[in-house]
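> output the structure for:
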Amino acid sequence: KKCINFDSVPEFEFHQSGGRIVKFDENHILLTVGDYRDRSLAQKKDSINGKTIKININNKNFEIISMGHRNQQGMFLDKTNGLILQTEHGPKGGDEINIIELEKIENQKYLNYGWPISSYGEHYRGEKGGEKYKKFPLHKSHSQFGFIEPLKYFVPSIGISEIENLKGNKYVFGSMRDKSLYFFALKNKKVVNIQRVSVGERVRDIKFENNKLYLFLENTASLGIIEIN
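Numbers count the residues shown, from 1 in each chain. Got it, this is the predicted structure:
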């Protein structure tokens, strides 16, 4: 079954595919799926594009737990605090950090994060008031249109990548366009005390283990290691 009708998507983009996989429990994984620039699919409940899905690895059944995504690059499951943190590429501006509360997954399906109806970015090659904005308006509010607001958004975009928990309520995520790491705390479900640390290379991926932060540095295809006190 085709996920994309190539004839109707002249802007089809393989890179806009998400693809982060996280273990949820012994029987399930979480998978992010981008919209491949077929923007309309992110708001269609009969499509997995622009969604986060939970897959049973035993019988291959799946359920959608969130929708209205563009291109989710990072994901961290924090069962201690009952949440999933995701990082998502916006269009021209509007990279996001989003929170999915685990208790809401069980109580209601299709938590909706707004793309492409709402975004703090702008369309590439799209004139304000043109056909693209008529179809996908990118309103500068999520809550006003019934969607979930991002915890944090970035204009201009920083090319946000993977996100990791360091300890307790402290987190870090990488960036590609900005070639940096960003450290922050989460307090009352708000991003606070955010600090940028320049790395000088595109940080494609990160992993925190045994008090060491491992960085996959894209420009030199090398591995960086930082001791975290």
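> can you name the next helix or strand after the worst-scoring helix or strand of the chain on mean pLDDT?
The helix or strand of the chain with the lowest confidence, counting by mean pLDDT, DSSP states H and E, is helix 102-107 at a mean of 79. Counting by DSSP states H and E, the next helix or strand C-terminal to helix 102-107 is strand 111-112.
> what mean pLDDT does that following strand get?
Confidence over strand 111-112, taken as the mean pLDDT, stands at 96.
> in the next helix or strand after it, what's buried?
Sequence-wise, the next helix or strand downstream of strand 111-112 (DSSP H and E) is helix 131-135. Buried residues in helix 131-135, counted by 16 or more other C-beta atoms under 10 Å: K132. Using the backbone N, CA and C atoms, a C-beta is placed for each residue, glycine as well.
> equivalent analysis for stretch 102-118, please.
Of the residues in stretch 102-118, L102, K104, I105, L111, N112, Y113, G114, W115, P116, I117, S118 count as buried by neighbour count, 16+ other C-beta under 10 Å.
> now tabulate these in TSV and tack on distance to I160.
Shown next, in TSV, are those (distance: C-beta to C-beta, whole Å):
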residue	distance to I160
L102	22
K104	23
I105	23
L111	20
N112	20
Y113	14
G114	17
W115	15
P116	18
I117	21
S118	18
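> which two from the residues you listed end up farthest apart in space?
Taking C-beta to C-beta as the measure, those span a maximum distance of 26.1 Å, between L102 and P116.
> nearest to G50, of the buried residues of stretch 102-118?
Of all these, G50 sits closest to W115, with 6.3 Å by C-beta to C-beta.
> how about the closest one, what does it touch?
Residues near W115 by C-beta atoms under 8 Å, 6 or more residues apart in numbering: D35, R39, A42, Q43, G50, G68, H69, R70.
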